[in-house]
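Trainee: sequence? don't have it. structure:
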């Protein structure tokens, strides 16, 4: 398992074959400088994925990845990360049960993560006029209202089911 947090660029960059990760807890950087300068892939993608498997890797397995948007010190700038996780398009590279969570300031600028893995999975956003992470339900009870989860590489896996105090995902199995 990995606990890696607050880097301006990739928090985890995996270069080797046959990697296996069974847990990742990640908070992205608190203070990205804004999308005018916080760009990867030669200025083509917003921000840097928290978990990046290098393009040449053919075999990799990761399960239980959680990436949290904590863009709270942006100087009032709207900032987005395109992908929480980036992996090469290879049948031997599998990501299961990856999720993103929004915990930035609901009253601040519009910030968020656009996709979970390689452009797939629901975006999460917060800022003025957006959905908060938790809603108060009584003095000491809260309801989770914004979490997205995905198993890659199927684009149709996203479904969120919510209960009063717990948010859980329903995963479909897909054969490649």
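Mentor: That came through, no problem. Only a predicted model underlies this, so the values are computations on that prediction, with no experimental measurement involved.

Trainee: so where's the chain shaky on pLDDT?
Mentor: For the chain, the stretches flagged by pLDDT under 70 are 105, 127-176.

Trainee: mind doing that once more with 90?
Mentor: Scanning the chain with the threshold set as pLDDT under 90 gives 63-64, 69-72, 76, 89-92, 94-112, 115, 119-176.

Trainee: which ones are touching residue 65?
Mentor: By CB atoms under 8 Å, 6 or more residues apart in numbering, the residues touching residue 65 are 21, 23, 24, 26, 51, 84, 85, 95, 97, 98, 99. Glycine gets a C-beta too; all of them are placed from N, C-alpha and C.

Trainee: what's the spacing between it and residue 125?
Mentor: 20 Å (CB to CB, to the nearest Å).

Trainee: please apply the same query to residue 64.
Mentor: Distance from residue 64 to residue 125, by CB to CB: 24 Å.

Trainee: who has more neighbours out of these two?
Mentor: Between residue 64 and residue 125, residue 125 has the larger neighbour count (other CB atoms under 10 Å), namely 19 against 15.

Trainee: how about stretch 9-19: buried residues?
Mentor: For stretch 9-19, burial by neighbour count (16 or more other CB atoms under 10 Å) applies to 10, 11, 12, 14, 19.

Trainee: which residues touch the last one?
Mentor: Contact criterion CB under 8 Å, 6+ apart gives 53, 57, 59, 60, 61, 62 as the residues in contact with residue 19.

Trainee: which strand residues bridge it?
Mentor: residue 60 (DSSP bridges).

Trainee: can we start the residue count at 2 from this point?
Mentor: Renumbered: residue one is now 2, and that last one reads residue 20.

Trainee: was I right to think residue 77 contacts residue 108?
Mentor: No. Counting by CB atoms under 8 Å, residue 77 does not reach residue 108; the two are 11.6 Å apart.

Trainee: would you mind measuring from the residue nearest to residue 25 when sequence neighbours are not counted to residue 118?
Mentor: Nearest residue to residue 25, sequence neighbours excluded (CB to CB, 6 or more residues apart in numbering): residue 66, at 4.3 Å. With distances taken as CB to CB, residue 66 is found 9 Å from residue 118.

Trainee: ok, now residue 21?
Mentor: Distance, residue 21 to residue 118, by CB to CB: 17 Å.

Trainee: how many neighbours does residue 88 have?
Mentor: For residue 88, the neighbour count with other CB under 10 Å is 24.

Trainee: how about it, what does it touch?
Mentor: By CB under 8 Å, 6+ apart, the neighbours of residue 88 are 53, 54, 58, 61, 94, 96, 118, 119, 153.

Trainee: that one - nearest residue in space that isn't next to it in sequence?
Mentor: Leaving aside its chain neighbours, residue 88 sits nearest to residue 54 (4.4 Å; criterion: CB to CB, 6+ apart).
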